[in-house]
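Asker: Predicted model follows, preceded by the sequence.
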Amino acid sequence: MPFARCQHIVRHAFNVDGLWTDEKYDLRRLKRVHCEVRVQHQDLSDAKVVKESFAASSTGEHVKENAHRCVDYHGLSSGHVRHRSSECLSRSIFQMFVHVEKNCASSPQEADQCAAPIPSPRLDCYPVQVNFPNATEETCLAQGCCWDALDAIPCAFGRTTAPSTSLCDAVLPASRLACRNPRYFLTATDATTCAALGCCFDGTECFQPSFLGYDLKPQSWVETTSGYTGTLVLRSRGPFGNDISELSVEVTADASDQVRVRIFDPSFRRYEVPLPLHHPTTTSNSSSRNSTSSRLYSVSVTSSPFGIAITRISTGETLFNSTPAGHFNGLVFANQYLELSTSMPTSAPPTFFGLGEHVGRFLGNASGDRYTIWARDQPADTFHVHTSKGGDNVYGVHPFYIRVEDSGLAHGVFLLNSNALEAVATPHAITFRTVGGIIDLFVFVGPSAPSVVAQYTALVGRPMIPPYWSLGYHLCRWHYHSLDDVVSVVERMRAAGVPQDAQWTDIDVMDRYLDFTWDPTSFPQPKVSAFVDDLHAHGQHYVPIVDAGIAVTIPSYPAYEDGLAQHVFMKDGSNVSIEQNIVWPGMVAYPDFFHPNATSYWLKQLKRYYATAKYDGIWLDMNEPSSFCIEGGRESLSCVFNDSYAPYTFVRSQDTAYPFDPFRQPFVPGQAVNGNLAAMTASMAAHHVNSLHYNVHSLFGHSEIVATRLAVDSIRPTTRTFILSRSTFAGDGQYTAHWLGDNAATWEDLRQSIAGVLSMNVFGMPMVGPDVCGFGLNTTQELCIRWHQAAILYPFLRNHNMAAKDQAPVDFDNDAIDAIRKTLLERYHVLPYLYTLLYRAHVDGSTVARSLYFEFPSKDTLAIDSQYLLGSALLVSPVLEPGARQVAAYLPPSATWYDLWTGIPAAATGAVVLPAPLDTVPLHVRGGSIVALQYPNTTTTSSRKNPFRLVVALPAWSSGITNATAAT
């Protein structure tokens, strides 16, 4: 029967008179958790049968009893059941839903393929995998397969029809979707087997056919005061089954230059990203967004198959169009697989920036590249640079891109989704594929790349203003052997007159790698405290590291004991025991920063830590969260689990529909490289208070950042505290700075750092920089000099390494010390201008470090990421190759350029070769700019006492002799 009718029966069964008549309980909240079921009854009279059979069952009585106990225990208010905070009620509710689910089929398509005789021999849909639980009925159905507990192969592929040739031919090789995740499932190597799986075979590869998705329900598209609404109905089964049969579409005109598209299940409240967004709220904006005449875009729909198009009115260019056009699928919206594409009509290769975080070029590649977006602990070096097959995602999650249209105008697209996803960029389309949540899409009209960034940050949050001292030079090393090493390097830097504003320490300072502790032998707390006081006396600052994992095996460890007392740690898949993994101190638990007690817990730890040493900032590391479990399997046992272990219990969260498999996803972004979401992190079955780790994994860093910001602002209420985080999510620039992660001491890593800084500025995180000189491998003197020069105007400048060789400026010879000192003093000259740019970013969302294209949009500047601008005025052209004493650069001809230090105008513009001796980085100021400089000292504290001077660069320069009016 139709799914909508089925849903109506479920509502009726659980809403007529209620399951229990006691006014104390409101089951309307509970029934929406169960919108996915397909009840096998034919009319509304059967709803009573469903309700009564459940209420009379032992399960029903057990649930009823537990619900009373839970509600009484938690003292919940009348008329509202607080499922989020009640573990026992949660378990009771799910028993209720499971009872109903046993009487339901997944969908008409799944029921049909399993009702027919299953092909023999049965094709195993859930083969045994080491470190993973074996199949259950639910995890089998979650794959769109058929369950028979009595068969030797209990989970098998059902009877399917081989896709037509036209559906196979419509799929371009660059955008193919593997028939099944090769990490977990059968990989068909012949046409017969592939066809039996319902897939296409071209002689070498088995892949999913094309899907047309949904139709717009007749007469359902309605214009509202703020946009449009409509209803979608499923045309046919998607690639993995369990498709949602009916969807709602909401289009909201947020502003004249911003539109939001939400596609969701109206009957079941699926997981949505709990990110506070900043929508236009003023009267003028509200009036503007509700007036179609003021909008810079138009919205149209295609009914069958459904597609939505957003078009720039002024040029008619497409900003977003999901209408299937033969080279991409229609909308797919299944329980664990969502897909939405937009066409990219263009007369040239598509041009876009964004989709992070990766190591790679600033300009995106639209030749079939798969941009995997999922927080992951992976080295951010050129040995893990982005490739077309994907799987090279690193720490941050920023599903946002800017596309340049044929006219030269630009628009942006942001998918608000924290589940694992990938964006496939082809010459014809960009396709988003994700494993959960909803479609929540924002389109920003621009019309320029800088204005798109401003519109994006207005939505997700403007960048914070960092403390002024954080613009200075930072020094750190992993493997300082003792406090004496740290004291020595600081004293040598002072003696050499090399600027330094902050000294950092890595995990070596900890006692047994325990957060918030000091090694009693190498870094005794009283001496550390005295050292920090000495830094402050010299106008310098101190920043220690905090890792995400809290050790669980150390007796009387306060951070763990406090967490237990406040119930703040993530739970495993059963939602009872604590989720455990392995990091530096051994077995650890992860704080659930979504827990209502987490803020006070974290404040207590950081406050206690501050009492031992008065830090000026906090460095958040390993917060993807990272684990040393290379192959995640069964939640906390993912490092040691084997098939002989006891049967596994998994409890779904309230925003997770049946059937669901947290262990083996039919699709995983980057599966050609890895395919296991739980690798090197917590289990996807682990529980946070608000959802599964499957849904909020990529928000772990974000939630820790927010808790840390609240804590340090409470501890140091009158002073700005600096936060640096490895993992970030959209909008985190309003709380934290970011470094580009664990790079290596290579020339290519040096080059890639420029693209990384430019990309993070696009994502609204301008306070960013790499580990200067390289984190891994041993650097060289020349590389370290050139890297300092390239980073001369990076907003965040920190030298940090782990290699055997020390690489502080004073660890090299006098020539290198002189060259690096010169570079740093030049930077300190420019800090007032840098600080002003960071203020402007906070106020209006402008970028700080900029691609040349953002100021001089043309085909000549489009792909340049070997130079960068600081604001609109200063252009850095660093040497990026060993042995070079000159550099090929591009000085945009539409401006006049002067050497910042000598005032000499550039002899030529366009493609030029600039002299660059080993102690010099070419730095030009743009004509028409006024830049405030301040005479430097070795700390920002001292520098700020010095006089200012202004550099006024004329927009044109004449020799006074010739007829030329341009620079000569």
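Answerer: Nice, I can see it.

Asker: just checking, residue 672 touches residue 391?
Answerer: Yes: contact criterion CB atoms under 8 Å: residue 672 and residue 391 qualify, at 6.2 Å. Just so you know, the C-beta spots here come from the backbone N, C-alpha and C atoms, and that holds for glycine as well.

Asker: list the residues that contact both of the two?
Answerer: Common contact partners of residue 672 and residue 391 (CB atoms under 8 Å, 6 or more residues apart in numbering): residue 370.

Asker: more neighbours, these two?
Answerer: residue 391 (21 against 18; other CB atoms under 10 Å).

Asker: Run a quick neighbour tally on residue 962.
Answerer: 8.

Asker: ugh, wrong one, I meant residue 448
Answerer: 16.

Asker: For it, list the residues it contacts.
Answerer: 409, 410, 857.

Asker: Who wins on neighbours among those?
Answerer: Going by other CB under 10 Å, residue 410 tops these with 26 neighbours.

Asker: Quick one: residues contacting it.
Answerer: Contacts of residue 410 by CB under 8 Å, 6+ apart are 402, 403, 404, 446, 447, 448, 449, 451, 452.

Asker: before we move on, what about residue 623?
Answerer: Counted by CB under 8 Å, 6+ apart, residue 623 has contacts 547, 548, 700, 701, 704, 725, 726, 727.

Asker: Look up how far residue 880 lies from it.
Answerer: According to CB to CB, to the nearest Å, residue 623 stands 31 Å off from residue 880.

Asker: what's the neighbour count on residue 537?
Answerer: Residue 537: 8 surrounding residues under other CB under 10 Å.

Asker: And it, its phi and psi?
Answerer: phi -60, psi -20 (degrees, to the nearest 10).

Asker: And the pLDDT for it?
Answerer: pLDDT for residue 537: 99.

Asker: One more: residue 291?
Answerer: For residue 291, pLDDT reads 72.

Asker: Have a look at this structure and report its longest helix.
Answerer: Of all segments of type helix in the chain, defined using DSSP state H, the longest is helix 814-844.

Asker: Now do the buried residues in that one.
Answerer: 816-835, 837-838, 840-842 (16 or more other CB atoms under 10 Å).

Asker: That one packs against which elements?
Answerer: Here helix 814-844 touches helix 781-790, strand 868-870, strand 930-934, helix 940-943, going by 3 or more CB pairs under 8 Å, 6 or more residues apart in numbering; DSSP states H and E.

Asker: Can I get those in a markdown table including distance to residue 387, mean neighbour count and mean pLDDT?
Answerer: Below are those laid out as a markdown table (distance: least, CB to CB, whole Å; neighbours: other CB atoms under 10 Å; pLDDT from 0 to 100):
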| stretch | distance to residue 387 | mean neighbour count | mean pLDDT |
| --- | --- | --- | --- |
| helix 781-790 | 24 | 24 | 99 |
| strand 868-870 | 24 | 24 | 99 |
| strand 930-934 | 40 | 17 | 99 |
| helix 940-943 | 41 | 20 | 99 |
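
Asker: Looking at those, spot the one closest to residue 463.
Answerer: Closest of these to residue 463 is strand 868-870, at 15.1 Å (criterion: CB to CB).

Asker: So what are the sheet partners of that closest one and their directions?
Answerer: Note on strand 868-870: by DSSP bridges, its sheet partners are strand 849-850 (antiparallel), strand 874-876 (antiparallel).

Asker: Which one of those lies nearest to residue 331?
Answerer: strand 849-850 (35.9 Å).

Asker: hang on, the earlier thing: rounded mean pLDDT for the longest helix of the chain, please.
Answerer: Across helix 814-844, the average pLDDT comes to 99.

Asker: quick one, it and helix 781-790 angle?
Answerer: Orientation of helix 814-844 against helix 781-790 (axes from the mean of the first three to the mean of the last three CA atoms, to 10 degrees) gives an angle of 30 degrees.

Asker: Could you give the number of residues near residue 919?
Answerer: When neighbours are counted by other CB under 10 Å, residue 919 comes out with 15.

Asker: Look up how far residue 828 lies from residue 274.
Answerer: In terms of CB to CB, residue 274 sits 41 Å off from residue 828.

Asker: Equivalent analysis for residue 363, please.
Answerer: 32 Å.

Asker: How about residue 540?
Answerer: Counting by CB to CB, the gap from residue 540 to residue 828 is 14 Å.

Asker: And residue 583, by the same measure?
Answerer: Distance from residue 583 to residue 828, by CB to CB: 37 Å.

Asker: and if you look at residue 319?
Answerer: Using CB to CB, residue 319 is found at 43 Å from residue 828.

Asker: tell me the secondary structure for the nearest residue to residue 765 once chain neighbours are set aside?
Answerer: Excluding its sequence neighbours, the residue lying closest to residue 765 (CB to CB, 6 or more residues apart in numbering) is residue 733, at 3.9 Å. Classification of residue 733 using DSSP: H, G, I helix; E, B strand; the rest coil returns helix.

Asker: give me every residue that touches residue 137.
Answerer: Residue 137 neighbours (CB under 8 Å, 6+ apart): 147, 149, 659.

Asker: between those, which is nearest residue 920?
Answerer: Nearest to residue 920 among these, counting by CB to CB, is residue 659 at 64.4 Å.
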